[in-house]
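# Sharing a sequence plus its predicted fold:
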Amino acid sequence: MSEMSLPFHVKFEPGKIRSEEWSKSIKDPEKYWDEKARALSWFRTWDKVLDDSNKPFYKWFVGGKINASYNCLDRHVVTEKKNKVAYIWEGESGEVKTVTYYQLYKEVNRFAKVLQDLGVKKGDRIALYLPMIPELPTAMLAATRIGAIHVMVFSGFSADALADRINDAGAKILITADGSFRRGKIVELKKTSDVAVEKCPTIEKVIVVKYSGQQVQMKEGRDLWYHELMSKVPSNTYVPPEPVDSTDPIFLLYTSGTTGKPKGVQHGTGGYLVWVYWTLKWAFDVNDKDIWWCTADIGWITGHSYVVYGPLLHGITSFMYDGAPDYPQPDRWWDAIERHGVTIFYTSPTAIRMFMRFGDEWVLKHDLSTLRALGSVGEPINPEAWLWYYKVVGKERCPIIDTWWQTETGGFMISPTLGIELVPLKPGSATYPLPSIVAEVYNDNGQPAPVGERGYLVIKTPWPGMLQTLWRDPERYKMVYFGRFEGIYYTSDYAIRDQDGYIWFLGRADEVLKVAGHRIGTVEIESALVSHKSVAEAAVIGKADEIKGEVPVAFVVLRSGFTPSDELKAELSKHVRATVGPIAVPADIIFVNKLPKTRSGKIMRRLLKAIVSGATLGDISTLEDGASVEEVKKALEEMGGHLG
Ligand code: WTA
C-alpha cells in the first residue's frame, strides 16, 4: 500500500469535524435525517424518519410526500436559477447545445403531458433505451413528475437484454432513439428496440427520439415520434407534480448478481433523493459556480444519481457528452474540460488508465486550470493511476475523491469529503465511511477481520439511499443482501482496513465482473454461451487487465460434433455480443474437454483464474476449497490440450 504526503496532509485520521459529523449521524440517526431531509421540498412532512419494524425492509420518511421533478426543477425556476444552464450538452460530432433550468422545466412538463395522454399513470413502468442526450433526463423527470417509475436500460445492451428487463418490469412504454453515434458510426437503437419489443407483450407504445437522422421503420399504431408528440402540446403546458409517498419507487435499475437473471434494484423516492443530495454535497461540496462533469452513462447508477438527480437537486450546471472519449483524438475530454470550463471531473479508473497510456502530452496541451476536484468511481483505482490523475491532470492542486458505492446503495458510501472536511488522502484508498454508514470488514465467520487483512465489506446501519427491495422479489433481496451475515448488508466486495482505519477495495468477492467499470455477471455470459448450439458447458472468470481492470475469459466445453477453431471462437463472441451486449464479449475463449469440478460438482473457479493468470501447478494445487491436490491435477489433465 503506498502512502504519500500531499499538500493537505496532516495526519492519517478521520479529522475532527468529519468524526463529529459522523458520530452525530450514528448517535441519533432519526434526528440527524429529520434535519437533513429538510434541504429538499416536501408536500407533506414525514411522520416517522425511519421505520425499521420490518427489517431488512427499511422505510425512510414514512408519511412524507415528495416529487422528484419538483425538487429538480420547479424549486429552481422560481429563483434566480431560472435561466441558469442545467446542461451543456455536446455530441460526438462537436455540436453543442445548452438547456437552462427553465427550458428543461418546460420540456419536462410537456413530455409529462404526452405520457399522460398515452395513458401513463402513477406506478406504471416506463422503459428507456436512449443515448446521452437531453431527452433522456427529460423523460426521466417527466416520468417522476406523474409518479411513473422509469427503468433505464444501458444503450449498449442487446435486444435480448432489453427485452428481459422490460418484461421483468412490465413496462408499458419504451422510449428510444432512431440511433446514436460511436466513433462516427451509427448504433441502431431503433432496430434493436424493434427486435426486443417483439418479445414484450406489455409494451403499448414506442416513442422514438430523432437523433442520428437515419431512416427507421415506424410501426403503425405502436411507434410515435417524440418531436411529433411534443409539437402537439402547447409550450406553456403545466402538469402538476404528483405528490408521491416517500416510499413509492422512483425507479428500477437492473444490475448483475451472482446467480440468475439481472435483478431489478428498486429505489424509493424520498430516501434516494435525500441521500443523493447529501452525498454529492459531502463528497464534492458542489456550489453554484461549478461546472460539474460526471462522465458516466445515465444507463448506469452513476449516471442516474450524479448526471441527473444529484446535480439537478443542487441546481448546478453539468456538462454532458455523448460519444467516445478518444474520438476523434485522444484529447477529446481534456479539450472539452478546457472549452467548457469544467470545475469538477468525475470518471472511472479505466478511463484514467486509458488516458495515461495515450501519454501526458494530450493532457498537457490543454489549460485545465478551472478544475478544482477530481473524482473516481466504479472499480478500485490503482495507486499508479491515482498518482497520474493527481499530478498530470490535477497538477497536484485537485484532491482525488475516490467514491465507493453500488447500484444498491443509491449514492456514495465511502469517500473523502470536501464538503465536511478533507482527510489526508492515500492513493488507492476511498478513505472513510460517510455519515450514517457503519462499515466493517468481516472474515468468513462474520467476525471483524484484523487490521490489514482481507475480508468482506459489510454495512451495519441502514441509510436513506439504500435499495428498498428487488422488484417483485423480496425473498431474493433478503437472501442476497442480508443472508450472508444475518441481518447485515453484504456488499460482495473484498476490502481491507489499514492501521489508520482507511478502507481499501480489492474488487468483487462474487462472480460479478467490473469490466471497464461496467458491472456484468459471469452467469449472464455463461448463459449466453450455452444458448449457442455448439456449447455444452461454459465457465467465465475475470482476468486482470491493465486498462479495463478486468476482462471476461470463457472456458468452453463443446457438444460432440463440434471442433474448436478460430472461426467458432469468433462466432461465439458474436453470439455473446448479440445476446448480452459488447461489454460481455470474452477477451478470450479457451476450449477444454471438461470443466474442472470438485467432487461436489462445483466448478473450480479459482483454478481457472490461476490458469489464465499464468500460475504454476504448484501455486494452484492448494487453491480450491475442499479439493485435494489429486483432484486438481486430475481436473487439469481432463481439461485437455487446448489451454492457452
Ligand atoms: C465497484 C457503481 C472500488 C465495487 C457505482 C462495487 C468500486 C461495484 C468503487 C458496484 C470504488 C464502485 N473503488 N470499487 N471507488 N466504486 N466499485 O453497481 O466492486 O455498477 O461493488 O455501481 O463497483 O458497481 P455498480
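Cool, the structure landed. Because the structure is a prediction, the values reported are computed rather than measured.
# how close does Leu224 sit to Ser212?
Leu224 sits 18 Å away from Ser212, taking Cβ to Cβ, to the nearest Å as the criterion. Using the backbone N, CA and C atoms, a C-beta is placed for each residue, glycine as well.
# And Val535, by the same measure?
Distance, Val535 to Ser212, using Cβ to Cβ: 35 Å.
# Equivalent analysis for Asn445, please.
Between Asn445 and Ser212 the computed distance is 55 Å (Cβ to Cβ).
# out of the two, which sits in the busier spot?
For Asn445 versus Ser212, neighbours defined as other Cβ atoms under 10 Å are more numerous around Ser212 (17 against 8).
# mind checking the backbone torsions on Val151?
Comment: the main-chain dihedrals of Val151 come out as phi -130, psi 90, following degrees, to the nearest 10.
# Let me know the pLDDT of it.
Turning to Val151, the model gives it a pLDDT of 98.
# Run through the residues that contact it.
Under the criterion of Cβ atoms under 8 Å, 6 or more residues apart in numbering, the contact list for Val151 reads 125-128, 165-166, 169, 171, 251-254, 264.
# Make JSON lines out of those residues and add secondary structure and neighbour count.
Formatted as JSON lines, the contacts of Val151 follow (DSSP: H, G, I helix; E, B strand; the rest coil; neighbours: other Cβ atoms under 10 Å):
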{"residue": "Arg125", "secondary structure": "strand", "neighbour count": "23"}
{"residue": "Ile126", "secondary structure": "strand", "neighbour count": "27"}
{"residue": "Ala127", "secondary structure": "strand", "neighbour count": "30"}
{"residue": "Leu128", "secondary structure": "strand", "neighbour count": "24"}
{"residue": "Arg165", "secondary structure": "helix", "neighbour count": "26"}
{"residue": "Ile166", "secondary structure": "helix", "neighbour count": "26"}
{"residue": "Ala169", "secondary structure": "helix", "neighbour count": "24"}
{"residue": "Ala171", "secondary structure": "coil", "neighbour count": "25"}
{"residue": "Phe251", "secondary structure": "strand", "neighbour count": "28"}
{"residue": "Leu252", "secondary structure": "strand", "neighbour count": "25"}
{"residue": "Leu253", "secondary structure": "strand", "neighbour count": "27"}
{"residue": "Tyr254", "secondary structure": "strand", "neighbour count": "22"}
{"residue": "Gly264", "secondary structure": "strand", "neighbour count": "23"}
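# Could you check how far the closest residue to the ligand within the stretch 351-500 of the chain is from Gly303?
Closest contact between the stretch 351-500 of the chain and the ligand, by Cβ to the nearest ligand atom, is at Thr407 (3.4 Å). If you measure Thr407 against Gly303 using Cβ to Cβ, the figure is 11 Å.
# In terms of neighbours, single out the busier of these two.
The residue with more neighbours, out of Thr407 and Gly303, is Gly303; 23 against 19, by other Cβ under 10 Å.
# quick one: that one and Thr295 touch, right?
No - Gly303 lies out of contact with Thr295 (Cβ atoms under 8 Å); the separation is 9.1 Å.
# before we move on, back to that, enumerate every residue touching the residue of the stretch 351-500 of the chain closest to the ligand.
Taking Cβ under 8 Å, 6+ apart, we find Thr407 in contact with 253, 255, 265, 300-301, 467, 519.
# Give me every residue in the protein lying close to the ligand.
Counting by Cβ under 6 Å from any ligand atom, the residues of the chain lying close to the ligand are 255, 300-302, 376-380, 402-407, 430, 491-493, 505, 508, 514, 519.
# List the contacts of Pro596.
Shown in contact with Pro596 (Cβ under 8 Å, 6+ apart): 603-604, 607-608, 632, 635-636, 638-639.
# Out of those residues, list just those in helices.
Assigned to helices by DSSP state H, the following of the contacts of Pro596 qualify: 607-608, 632, 635-636, 638-639.
# Now those residues in a markdown table, please, with extra columns for distance to Thr563 and pLDDT.
What follows is the ones in helices among the contacts of Pro596, written out as a markdown table (distance: Cβ to Cβ, whole Å; pLDDT from 0 to 100):
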| residue | distance to Thr563 | pLDDT |
| --- | --- | --- |
| Leu607 | 25 | 85 |
| Leu608 | 22 | 90 |
| Val632 | 27 | 68 |
| Ala635 | 22 | 73 |
| Leu636 | 21 | 74 |
| Glu638 | 18 | 77 |
| Met639 | 16 | 75 |
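# Just the buried ones from the residues you listed?
When burial is judged by neighbour count using 16 or more other Cβ atoms under 10 Å, the buried members of the ones in helices among the contacts of Pro596 are 607-608, 632, 635-636, 639.
# I'd say Val438 and Pro462 touch.
No - Val438 is not in contact with Pro462 according to Cβ under 8 Å; the separation is 10.0 Å.
# more neighbours, those two?
Ranked by neighbour count (other Cβ under 10 Å), Val438 and Pro462 place Pro462 first, with 20 against 15.
# quick one: secondary structure of the more buried one?
Following DSSP: H, G, I helix; E, B strand; the rest coil, Pro462 is assigned to coil.
# Sketch out the low-pLDDT regions of the chain for me.
Low-confidence segments of the chain, defined by pLDDT under 70, span residues 1-10, 616-632, 640-644.
# follow-up on the earlier one: which of the residues of the chain next to the ligand fall within helices?
When DSSP H is applied, the residues of the chain next to the ligand are split such that 301-302 fall in helices.
# Give the PyMOL command for selecting the buried subset of the residues of the chain next to the ligand.
In PyMOL, this line selects whichever of those come out buried by 16+ other Cβ under 10 Å:
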select buried, resi 255+300+301+302+376+377+378+379+380+402+403+404+405+406+407+430+491+492+493+505+508+514+519
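# Report the buried residues of stretch 84-91.
Of the residues in stretch 84-91, those scored as buried under the neighbour-count criterion (16+ other Cβ under 10 Å) are 84-91.
# now the strands for the stretch 251-400 of the chain?
Chain-ordered strands for the stretch 251-400 of the chain, with DSSP state E, counting those that start in this stretch as the definition, fall at 263-268, 291-294, 317-322, 344-347, 373-376, 400-402.
# same check, this time on the stretch 101-250 of the chain
125-129, 149-152, 173-177, 180-182, 185-187, 205-209, 223-225, 244-245, 249-255.
# Check which helices and strands the last one sits against.
Strand 249-255 sits against helix 135-145, strand 149-152, helix 159-169, strand 263-268, helix 269-284, with contacts defined as 3 or more Cβ pairs under 8 Å, 6 or more residues apart in numbering; DSSP states H and E.
# let's see 6 Å
Contact analysis of strand 249-255 by 3 or more Cβ pairs under 6 Å, 6 or more residues apart in numbering; DSSP states H and E lists strand 149-152, strand 263-268 as its packing neighbours.
# Listing partners with orientation, what would you give for the first one?
In the sheet containing strand 149-152, its partner strands are strand 125-129 (parallel), strand 249-255 (parallel), by DSSP bridges.
# Distance from the longest one to the middle of the chain?
Between the centre of strand 249-255 and the centre of its host chain there is 11 Å, according to Cα atoms, centre = their mean, to the nearest Å.
# Identify the residues contacting it?
Residues external to strand 249-255 that are found in contact with it (Cβ atoms under 6 Å, 6 or more residues apart in numbering): 68, 149-151, 165, 169, 262, 264-267, 269, 272, 301, 407, 471, 519.
# how much space is there between the nearest residue to Ser180 once chain neighbours are set aside and the ligand?
Spatial nearest neighbour of Ser180, chain neighbours left out: Pro131 (3.5 Å); criterion: Cβ to Cβ, 6 or more residues apart in numbering. Using Cβ to the nearest ligand atom, to the nearest Å, one obtains 19 Å as the distance from Pro131 to the ligand.
# residue contacts, Pro131?
Going by Cβ under 6 Å, 6+ apart, the list of residues near Pro131 reads 155, 180, 322.
# Who are the packing partners of the helix or strand harbouring Ile541?
Here Ile541 sits within strand 535-545, counting by DSSP states H and E. With contacts defined as 3+ Cβ pairs under 6 Å, 6+ apart, strand 535-545 has these neighbours: helix 522-530, strand 549-558, helix 605-612.
# any idea how far the closest residue to Leu128 other than its chain neighbours is from Gly465?
For Leu128, ignoring the flanking residues on the chain, the nearest one in space by Cβ to Cβ, 6+ apart is Met152 at 4.4 Å. Distance of Met152 to Gly465, computed by Cβ to Cβ: 17 Å.
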